[in-house]
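*Asks:* what shape does this take:
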Amino acid sequence: MEMAINIHSSSSSSFSLINPKPPLLTKQLFGSSFTLSSFPNTSKTTSTSSLRCRRSRFSFHSPIKCSVSTEASTTEKRSQMMRRGDIRNIAIVAHVDHGKTTLVDAMLKQSKVFRDNQFVQERIMDSNDIERERGITILSKNTSITYKDTKINIIDTPGHSDFGGEVERILNMVEGVLLVVDSVEGPMPQTRFVLKKALEFGHAVVVVVNKIDRPSARPDFVINSTFELFIELNATDEQCDFQSIYASGIKGKAGLSPDDLAEDLGPLFEAIMRCIPGPCIDKDGALQMLATNIEYDEHKGRIAIGRLHAGVLQKGMDVRVCTSEDSCRFGKVSELFVYEKFIRVPATKVEAGDICAVCGIEDIQIGETIADKAFGKPLPSIRVEEPTVKMAFSINTSPFVGREGKYVTSRNLRDRLYRELERNLAMKVEDGETADTFVVSGRGTLHITILIENMRREGYEFMVGPPKVINKKVDDKVLEPYEIATVEVPEEHMGAVVELLGRRRGQMFDMQGVGSEGTTLLKYKIPTRGLLGLRNAILTASRGTAILNTIFDSYGPWAGDIITRDQGSLVAFEDGASTSYALASSQDRGQMFIRPGAGVYKGQIVGIHQRTGDLSLNVCKKKAATNVRSNKEQTVVLDTPLDYSLDDCIEYIQEDELVEVTPSSIRMCKNPKLAKKTR
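*Replies:* Here you go, the predicted structure:
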């Protein structure tokens, strides 16, 4: 079919058709049916006329559906705005473990970023040690590929709700997102969060149904659920008309139909080119770049990363750094980098629309604008949602202080915590009641735990208290944060999990079966207090088979008292080294945390009491050496001690307990200031 469309910018745009057909035109494109909506009356068409791809009401295949205007709008033309066709800026967003980073791996490999004989590890973008150990993305990272002479800047974002602040910032740098959804689980709590933010920015969305090769994949259900989610989040008609791509990230395949995948990710790249618009820029305007991320290099110092909104940035250029209209200072760009393939490449000039890294401005902060020295104006600053959980950090006061750590003073601790605020916008730090105590607030316990883990690896030694929720007071009423908890659990363990969540003031609002694997998906609205220590309890109740996901929902009325732990602690009452003889009798009282020969001190928690209340024990007692020859040697059989990680310890401790964190050890102890009487 031969067709030509002429779009005029005048107030009465017109269309001229060669070989005209009836108003509804259908054509096969990339193996799927594609529909052009009936053309509007020429007398009513304005200069915003655009070609939009729509769903065909007569076709049930995966249509090419994207609502990207091919012409600049009137407002853009007035301000000399234009779209760059040689660049695409996209963020890959999804719920945790839905395959974002694995999909980026496949995109990089198929774009020939690496040599054919080059060894490439899995999850290339997870370069941080903690990310590799935990198998999650914590920090967003930039890379780029080239497809058909078009540069595609890709930003891999975290999937865990505690790192939602990273996602919120990154959405300032892009024009569209790839929303990755698991082919079995469908939209999850974090899917809702990241999609809501993307829709608020007005970004184009391409939905990627990943892991389509799973045996219990249900693509139709996932697409319908995702569409319903778009409707719930008040998406526009154009945003609801999203493009669906089915993919297997680990195999590097994608297609427009779940049963017909191409041998590579070609359909995905085509969808990005077609459905994600190029950056809208003011090429000849005054320089503007928002610092969206900050990195640090030992040689180059602070590096500001962001997208250039207007003008041209050059190496050696004098610029103005603005926080607001009234707060500006001057600086100079010493070095300039752009992202090419997997590395940062030096550049002498960057044009508006591209993502770049700027060196030379030592005191730049996230949210500040690098602007033209003479005519520059600041862009709107970045705002993220408020934290919901806080923890107290203090210097180490145990008898073992200074044995393992390099930085142990309150000044070291204070400097490190306030330095974290420079790049972690979703975190807050305040001075505590005493000079050696600091209150750190974050989006969740994992958000703060990652900071603790980073600090201990850097050589810091300190103590942290139990996590507490941040309440609000409105009209003399106490409101506390509530979260949506989604639990995927096998049917045989469902009763124990439901009982556990009920005891923690959780209210179930949805229950459904998942695929053919015999699992049930439970959805609860539960106070954040009830989630503290819940993960381990659910794993115990379900024999390690349940999967718990949570995301902040809203503030609501105080739910009442919640008991998060039924058992007390076993506490050492003298300093020394533990012995097999003492541990053999102590393990009858509960489960132990320590092995023979471990150094302990008075007040250290050495185990979990099998009953409520704490119990003091002597784990350093030695067997009397009298009359040795007349007694036969006894064989001591000890149970394997519990090996609690940092996350486990923070979930375990209660109001009167602390976690001692050092580069080599993680111990728990009673807080000497709040110690209860032990029997």
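
*Asks:* my guess is Ile152 contacts Leu268. True?
*Replies:* No. Using Cβ atoms under 8 Å, Ile152 is not in contact with Leu268, being 10.7 Å away. For every residue, glycine as well, the C-beta is placed using N, CA and C.

*Asks:* more crowded one of the two?
*Replies:* Set side by side, Ile152 and Leu268 show more neighbours around Leu268, with 28 against 20, by other Cβ atoms under 10 Å.

*Asks:* quick one: that one is in a helix?
*Replies:* Yes. Leu268 forms part of a helix when assessed by DSSP: H, G, I helix; E, B strand; the rest coil.

*Asks:* may I ask you to name the longest strand in the protein?
*Replies:* For the chain, the strand that runs over the most residues, judged by DSSP state E, is strand 477-490.

*Asks:* which other helices and strands contact that one?
*Replies:* Counting contacts by 3 or more Cβ pairs under 8 Å, 6 or more residues apart in numbering; DSSP states H and E, strand 477-490 packs against strand 472-474, helix 494-503, strand 519-527, helix 528-531, helix 534-541, strand 547-557.

*Asks:* partner strands of it, parallel or antiparallel?
*Replies:* Note on strand 477-490: by DSSP bridges, its sheet partners are strand 472-474 (antiparallel), strand 519-527 (antiparallel), strand 547-557 (antiparallel).

*Asks:* now do the last one: distance to the chain's middle.
*Replies:* Between the mean C-alpha location of strand 547-557 and the chain-wide mean there is a distance of 15 Å, by Cα atoms, centre = their mean, to the nearest Å.

*Asks:* give the buried residues for that strand.
*Replies:* 547-553, 555 (16 or more other Cβ atoms under 10 Å).

*Asks:* do the same with stretch 250-261
*Replies:* Neighbour count says stretch 250-261 has 251-258, 261 buried, by 16+ other Cβ under 10 Å.

*Asks:* which one of the residues you listed is nearest to Ala357?
*Replies:* The shortest approach to Ala357 among these belongs to Gly252, at 28.6 Å (Cβ to Cβ).

*Asks:* please tell me how far the spatially most central residue of the chain sits from Glu238.
*Replies:* By Cα atoms, centre = their mean, the chain has its centre lying nearest to Pro158, at 2.9 Å. Distance of Pro158 to Glu238, computed by Cβ to Cβ, to the nearest Å: 28 Å.

*Asks:* next: Tyr460.
*Replies:* Taking Cβ to Cβ, one finds Tyr460 at 50 Å from Glu238.

*Asks:* mind checking which of these two has more residues around it?
*Replies:* Taking neighbours as other Cβ under 10 Å, Tyr460 and Glu238 compare with Tyr460 leading, 22 against 17.

*Asks:* per-residue pLDDT, that one?
*Replies:* What the model reports as pLDDT for Tyr460 is 94.

*Asks:* next one: Lys373
*Replies:* In this model, Lys373 carries a pLDDT of 86.

*Asks:* phi and psi next, for it.
*Replies:* phi -60, psi -40 (degrees, to the nearest 10).

*Asks:* mind listing the helices for the stretch 501-650 of the chain?
*Replies:* In the stretch 501-650 of the chain, the segments counted as helices under DSSP state H, counting those that start in this stretch are 528-531, 534-541, 580-586, 646-652.

*Asks:* same check, this time on the stretch 101-250 of the chain
*Replies:* Going by DSSP H, counting those that start in this stretch, the stretch 101-250 of the chain shows helices at 129-134, 164-170, 189-200, 219-232, 237-240.
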